[in-house]
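Colleague: Pasting the sequence and the predicted model now:
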Amino acid sequence: ILGGYEAKPHLRPYMASLQLDGQHVCGGFLIAEEWVLSAAHCTEETDGKVFQVLLGAHSLTEPEPHKRLYRVRAQIPHPGSNIHNNKDDLLLLQLEEKAELNVHVQVLPFQREDRDVAADTVCEVAGWGTISHSGHRPDKLYQVERPVISRDVCNHRTRHDHTITEKMMCTDSRRKDTCKGDSGGPLVCNGVAEGVVTAGSRVCGNYKKPAIYTRIAPYVAWIDSVMASAAV
Ligand SMILES: CC(C)CC(=O)Nc1cccc(-c2cccc(CN)c2)c1
């Protein structure tokens, strides 16, 4: 997160850290007791290894009550996701067991109605992604508030040049922005997850490249069918 600030500990009890060999790779969030939603492109540099999911954390390294690392039973990328574009950039992770819900571990509801969030709506995004242009990785969860920008503005020739589909949304990226390691985290508007951070042009804090999110509502049928099919 660039231009943001350290989150108040455990006020976002849905936040997940997707880890490989104890290293934070991407964000994610709890959508059901045994399901975490994240971004498919987070599996790009993992050559087939399976993530572990840290829940209940504020600090990635310090011992904290209710902080726990879960193994993953299944990683299911959206069938339309690919490395060449940001389309269908969603990843469902089934935990090996139901997460123990408590004051520091909670599910975040996601938007089920497929209607665009109005431009200028101020939403919030959090993550353990880099907090400086030099790539400093924080130990603690950071957050930032960002206004939604219209798809027309985001699709302008000088911005993302008509690559933003109706299944994506954008927020202003002037100074305050998402960055490497924030992918997979939720864009929360009025307490509801509306989007999932995607890497887009992989630049951060440049107002000419607004932050891009995969909208969740268009994928409700896929999410529900995967969770229903794998129900133990
Ligand atoms: C395996 C993955 C971690 C690879 C990856 O995502 N790299 C990468 C590199 C630079 C910026 C970003 C990035 C992420 C989220 C939002 C944005 C743009 N606001 C950029 C992402």
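Modeller: Alright, I've got the coordinates.

Colleague: contacts and neighbour counts: CA atoms only from here.
Modeller: OK.

Colleague: Looks like Lys208 contacts Thr158 (just checking).
Modeller: Yes - using C-alpha atoms under 8 Å, Lys208 is in contact with Thr158, at 6.7 Å.

Colleague: which of the two has more neighbours?
Modeller: Lys208 (16 against 11; other C-alpha atoms under 10 Å).

Colleague: Show the backbone phi and psi for that one.
Modeller: With angles defined as degrees, to the nearest 10, Lys208 shows backbone torsions of phi -80, psi -10.

Colleague: Against Asp116, how distant is the residue of the chain positioned farthest from its centre?
Modeller: Taking C-alpha atoms, centre = their mean, the residue of the chain most remote from its mean C-alpha position is Arg157, at 26.2 Å. Using C-alpha to C-alpha, to the nearest Å, we find Arg157 at a distance of 21 Å from Asp116.

Colleague: Next: Leu101.
Modeller: Taking C-alpha to C-alpha, one finds Leu101 at 31 Å from Asp116.

Colleague: buried stuff in stretch 86-97?
Modeller: Using 16 or more other C-alpha atoms under 10 Å as the test for burial, stretch 86-97 gives Asn86, Lys87, Asp88, Asp89, Leu90, Leu91, Leu92, Leu93, Gln94, Leu95.

Colleague: Can you tell me which one of these carries the smallest pLDDT value?
Modeller: Of all the buried residues of stretch 86-97, Asn86 has the smallest pLDDT value, namely 94.

Colleague: Not counting sequence-adjacent ones, nearest residue to it?
Modeller: Nearest residue to Asn86 in three dimensions, chain neighbours excluded: Gly200, at 6.2 Å (C-alpha to C-alpha, 6 or more residues apart in numbering).

Colleague: ok, that neighbour - contacts?
Modeller: By C-alpha atoms under 8 Å, 6 or more residues apart in numbering, the contact set of Gly200 is Asn85, Asn86, Ala211, Ile212.

Colleague: Is it possible to mark the buried ones in those residues?
Modeller: Asn86, Ala211, Ile212.

Colleague: what about the first one, which helix or strand?
Modeller: Read that as Asn86. Counting by DSSP states H and E, no helix or strand carries Asn86.

Colleague: What are the phi and psi values at it?
Modeller: Torsion angles, degrees, to the nearest 10, at Asn86: phi -90, psi 10.

Colleague: residues contacting it?
Modeller: Counting by C-alpha under 8 Å, 6+ apart, Asn86 has contacts Thr198, Ala199, Gly200.

Colleague: Now flag whichever of those residues is closest to the ligand.
Modeller: Ala199 (3.7 Å; C-alpha to the nearest ligand atom).

Colleague: Now the closest one. Nearest residue, chain neighbours left out?
Modeller: Ser183 (6.1 Å).

Colleague: Pull the contacting residues for the one you found.
Modeller: Here Ser183 is in contact with Cys26, Gly27, Gly28, Ser38, Ala39, Cys42, Gly129, Val196, Val197, Thr198, Ala199 (C-alpha under 8 Å, 6+ apart).

Colleague: mind putting those residues in CSV, secondary structure, neighbour count and distance to the ligand included?
Modeller: Shown next, in CSV, are the contacts of Ser183 (DSSP: H, G, I helix; E, B strand; the rest coil; neighbours: other C-alpha atoms under 10 Å; distance: C-alpha to the nearest ligand atom, whole Å):
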residue, secondary structure, neighbour count, distance to the ligand
Cys26, strand, 27, 6
Gly27, strand, 30, 10
Gly28, strand, 29, 12
Ser38, strand, 29, 12
Ala39, coil, 29, 9
Cys42, helix, 23, 4
Gly129, coil, 29, 8
Val196, strand, 29, 10
Val197, strand, 32, 6
Thr198, strand, 30, 5
Ala199, coil, 23, 4
